[in-house]
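# sharing a model prediction with you, sequence too.
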Amino acid sequence: MRRGDLKFIIVGLVPALSFIFPFTFYPIAYAAYVSSLHYDLKYPEEIRFAGFNNFIEVFNSYYMADSTMATVTFVALAVPLVVLISLGLALLLSQNFRGVGFLQWLVMVPWAIPLVDSGAIWKWIFDANYGIFNAAMKSLGLIDSYVPWLNLRWPAMLILVVAFLWVQLPLPTLLFLAGIQSIPQELYEAAMIDGAKSWAKFRAITLTWLRPFMLIVAVYVSLMAIWTFDLVYVITAGGPGNFTAVISYYTWSEMFTFLNFGRASALAFLVVLVSIALIIAYFRALRVGRIRLRV
Amino acid sequence: MKKNRDLRESESSKSPDFLSTNITRRKAISKAGAAAIGAVVGAVVAGSGGYFAGLSQAGPARTETVTRTVTQTVTGTVTQTVAGTVTQTQPPPQVVEVTWGIWSWGVELVQDNAEKFNAWNDDVKIKVVDYGLDTFFSGISAAYTAGNPPTIHYSTPDVTYIYQQNGWAIDMEAYFPEIRRYLDDIFPGFRSGFINPDTGLMSGLAYYGGAQPFMYNKRHLDEAGIGEPPKTWEELEEQARTIKQKGINDDPIGIWYGSWGFVEVGIYDFMLGMAEGDKGPYMWDEDLNPIFNDKGSALFRSLRWQLDMIHKEKLASTKGVLYDEAQAVNAFGSGAHTFFWMPDYDLAFANTPPSKEAGNLRMGMNPGTGKVSAIYRSYLVSKATADKGPKHLEAAWRVMQFVGGRTRNGKPDFENGEYFVCRRLNNEKGVGPIYISMWEDPKYADIRESIKTWVDPEIKKQVLFNTYDFFNDPRMTTWWSEWWGYWQAGVARPAIHDLILGNVGTSDDDILRVLNRIAEEWKKKKAESKTGK
């Protein structure tokens, strides 16, 4: 690398880093620092160094096992569904047919709605007294009376997953669509000459080409799923019981309900570590050493 | 009590200056008045009055008053003399800013009240600071920690103790003993909420007070041929069964647990209503050891009854676990339940158009003992205000009396003033006053008149006389300490919801198992507690 190149890179990075450092790296570093303190906002005079006590307390807390299970369940259900459905949608939207432009626009709509509003919409759809879902089920004769779906464990979890799907589908769909449209047509023509069938073309060309996109989507959706808070807060508030109380919900609770900043930071920091581990695992699983989107 | 003594000692050392300024002002004004009456003598008296005032005044605004009075009333000769004397010695008027920390509710009304106060007062100005709704407690706590708290702010009884224990908020009675006069005017069931349990002093005045009373749908009762609302829990069950059997309502007993708060609606009102003699509705003994995990406890009886109504008798459902406040109002207002318990002010929305059941809903006395949980909010003044000096403290006290006490044109007047802001809150928002006189004094007839469209004022008054301040009874509420939020919202609520939903069984043993788990977590947190409270 030439000296001039290095200078250009540094100058080019300055605008981005001037935002990333104060608003990303510094908060993470500060969270790491606070996680080593006994920091209860209700008793600010007693702030003191606590070593790893917050981490130990979090691990031993009454909610750790349940919230880990809730998070794993939610992520395991939501991430594959988002990846598969957005890929399917992208394949559909890459076809030439009448109305595809309108469909492309329609898919983007949930993106324009704030998360809390999306949560409120889904909560009302499944409302126990006036929800449209109950009305539809009853009019079809599938239920005798309105059911409080959000009071039932698995239905509540599935409603969260559906709401998450609805909110998160647009960006992955857009990414996959961009990926599909960047595939050179010559590859398909060559495969056709070689006698490849549709499935073989999809597997050997489309999926292979989309692998880096899949990595980006998988990482993005996983992180979104792990950190999902708004939908949980609005739709189930962690219930029924604490069946859908994912870790991010307790991070919020520790911070804003219990006002224990030390434990909240420890919990947040743990999730950051898990997220990093997950990203590394994705890179290895998809055998993408470095993302190159150039043709 | 040491804290209390310290405050009193601190005050006694400050009070002479603080009080003497008022006397000087009166003297100055009276001398100026004399000057206006006698032309020749007045010039001398007013001049000397202005001179002495200039020497001894602590508050410059008062000197300005003297100047203005004389200038407007006496002759030109006198004017020149007095004005010349005063303006040479007095700095410009100084305005004290009072920051009023509120949560995001009724903000327009708050702003309007602040503007009215500011128009009536030249020397004190209110600046409203909105700390959000869900973020209010954390926001105020953060402001205290950062050393920049508001002068005066709302407080809920579950966290007032935290502000007091940290020395963040002061007891206003330590500085202004006359605040005690308000205590007798507060309904008995709320009074303990305005007394600091450590000092025995009044901390502040009331924002509002109400209850979470029993309510019923009179149309449903009439259709079922039931003349009177239930007086006992057995009667309630019987009436609910009749209503269900006649097909009037499938889910007559509406129990609101509230995942987003007010879990006490579903728990405490039943405990209070079902309390038996000296056993009371208590959760802890005098030493704060759990007694709720016992078959004879009020909590056990309350849960047993609820589970029977939901899972055995099918007279109630689990829908209430999902309700937030708006949904609770909508559910009762749409006729989804015949019997309900929710904050009294919510009836104003459920029982008026466009609510489907507008006009059919009634407030009643809680079955059994008649006791219901008190809900109230208070005003606290920050210690930082006291540290700034008497001028700021007096300004805070003036504002506190305006927002929670009696004033006339924005000036304190306990004897002849009116509860200006409390009156507006009731008449414009349905948020009821906590002061007895506002329900009984004919000059507040509009209070009763304004709520007649949605509640019988006499019943509401009776309900307010039957409130129980469970927030400040340590045997019932001890979450206002280190484990505030943690135990109640984090541990107890999800466990009780699981029980109510039938996820962990509904037998007596199942109830006890859940209560024992909650009790164990309580003991663990108590052992870690530094205050033991």
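Received it, and whenever you're ready, just let me know what you need.

# the residue in the stretch 1-150 of chain B that chain A sits nearest to: neighbour count?
Here the stretch 1-150 of chain B gets closest to chain A at one residue, B:Thr145, 4.3 Å apart by Cβ to the nearest Cβ. Every C-beta, even on glycine, is put in place using the N, C-alpha and C of the backbone. Neighbours of B:Thr145 under the rule other Cβ atoms under 10 Å in any protein chain shown: 20.

# can you pull the contacts of it?
For B:Thr145, the contact set (Cβ atoms under 8 Å, 6 or more residues apart in numbering or on different chains) comprises A:Leu41, A:Pro44.

# per-residue pLDDT, it?
Looking at B:Thr145, its pLDDT stands at 88.

# separation between it and A:Ile47?
Distance, B:Thr145 to A:Ile47, by Cβ to Cβ, to the nearest Å: 9 Å.

# how about the secondary structure of the residue of the stretch 151-295 of chain A found nearest chain B?
Proximity to chain B, evaluated over the stretch 151-295 of chain A using Cβ to the nearest Cβ, is greatest for A:Gly241 at 3.6 Å. Under DSSP: H, G, I helix; E, B strand; the rest coil, the three-state class of A:Gly241 is coil.

# same thing with A:Leu160?
Assignment for A:Leu160 (three-state DSSP): helix.

# burial count for it?
Neighbours of A:Leu160 (other Cβ under 10 Å): 25.

# next one: B:Pro157
21.

# show me what from the stretch 101-250 of chain A comes close to chain B.
A:127-130, A:145, A:148, A:150-151, A:153, A:236-242, A:245 (Cβ under 8 Å from any Cβ of the partner chain).

# in PyMOL, select just the buried ones from those residues.
Those of these that count as buried under 16 or more other Cβ atoms under 10 Å in any protein chain shown are selected in PyMOL with:
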select buried, chain A and resi 127+128+129+148+150+151+153+236+237+238+239+240+241+242+245
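
# which ones among the residues of the stretch 101-250 of chain A next to chain B are found in strands?
Judged by DSSP state E, these include no members of strands.

# low-scoring pLDDT stretches of the stretch 401-533 of chain B, where are they?
The model of the stretch 401-533 of chain B has pLDDT under 70 over residues B:477-489, B:529-533.

# give the buried residues for the helix or strand hosting B:Gln239.
Element membership for B:Gln239, per DSSP states H and E: helix B:233-245. Using 16+ other Cβ under 10 Å as the test for burial, helix B:233-245 gives B:Trp233, B:Leu236, B:Glu237, B:Gln239, B:Ala240, B:Arg241, B:Thr242, B:Ile243, B:Lys244.

# and the helix or strand harbouring A:Thr73, how far out from the chain's middle?
Element membership for A:Thr73 (DSSP H and E) is helix A:64-93. Centroid separation between helix A:64-93 and its chain, computed with Cα atoms, centre = their mean, to the nearest Å, is 8 Å.

# could I get the full set of helices for the stretch 1-150 of chain A?
For the stretch 1-150 of chain A, applying DSSP state H, counting those that start in this stretch gives helices covering A:3-20, A:26-34, A:53-60, A:64-93, A:100-108, A:115-125, A:132-139.

# just checking, what packs against the fifth one?
Here helix A:100-108 touches helix A:64-93, helix A:170-181, going by 3 or more Cβ pairs under 8 Å, 6 or more residues apart in numbering or on different chains; DSSP states H and E.

# let's have the ones you listed in a markdown table, adding mean neighbour count and mean pLDDT.
What follows is these, written out as a markdown table (neighbours: other Cβ atoms under 10 Å in any protein chain shown; pLDDT from 0 to 100):
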| stretch | mean neighbour count | mean pLDDT |
| --- | --- | --- |
| helix A:64-93 | 18 | 95 |
| helix A:170-181 | 20 | 94 |
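
# can you add distance to A:Gly119 and give those helices back as a markdown table?
Below are the helices and strands packed on helix A:100-108 laid out as a markdown table (distance: least, Cβ to Cβ, whole Å):
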| stretch | distance to A:Gly119 |
| --- | --- |
| helix A:64-93 | 14 |
| helix A:170-181 | 16 |
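
# closest to B:Phe194 out of the ones you listed?
helix A:64-93 (38.8 Å; Cβ to Cβ).

# quick one: the closest one to helix A:100-108, angle?
170 degrees (axes from the mean of the first three to the mean of the last three Cα atoms, to 10 degrees).

# one step back: out of the helices of the stretch 1-150 of chain A, which comes closest to B:Leu380?
Nearest of the helices of the stretch 1-150 of chain A (Cβ to Cβ): helix A:26-34, 27.6 Å.

# next, the angle from that closest one to helix A:53-60.
Going by the same axes, to 10 degrees, helix A:26-34 makes 90 degrees with helix A:53-60.

# which outside residues touch helix A:26-34?
A:Phe261, A:Gly262, A:Ser265, A:Ala268, A:Phe269, A:Val272.

# okay, those in JSON lines with pLDDT, distance to chain B and neighbour count next?
Below are those laid out as JSON lines (pLDDT from 0 to 100; distance: Cβ to the nearest Cβ, whole Å; neighbours: other Cβ atoms under 10 Å in any protein chain shown):
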{"residue": "A:Phe261", "pLDDT": "91", "distance to chain B": "10", "neighbour count": "25"}
{"residue": "A:Gly262", "pLDDT": "94", "distance to chain B": "13", "neighbour count": "24"}
{"residue": "A:Ser265", "pLDDT": "95", "distance to chain B": "14", "neighbour count": "27"}
{"residue": "A:Ala268", "pLDDT": "93", "distance to chain B": "16", "neighbour count": "23"}
{"residue": "A:Phe269", "pLDDT": "91", "distance to chain B": "20", "neighbour count": "21"}
{"residue": "A:Val272", "pLDDT": "90", "distance to chain B": "22", "neighbour count": "15"}
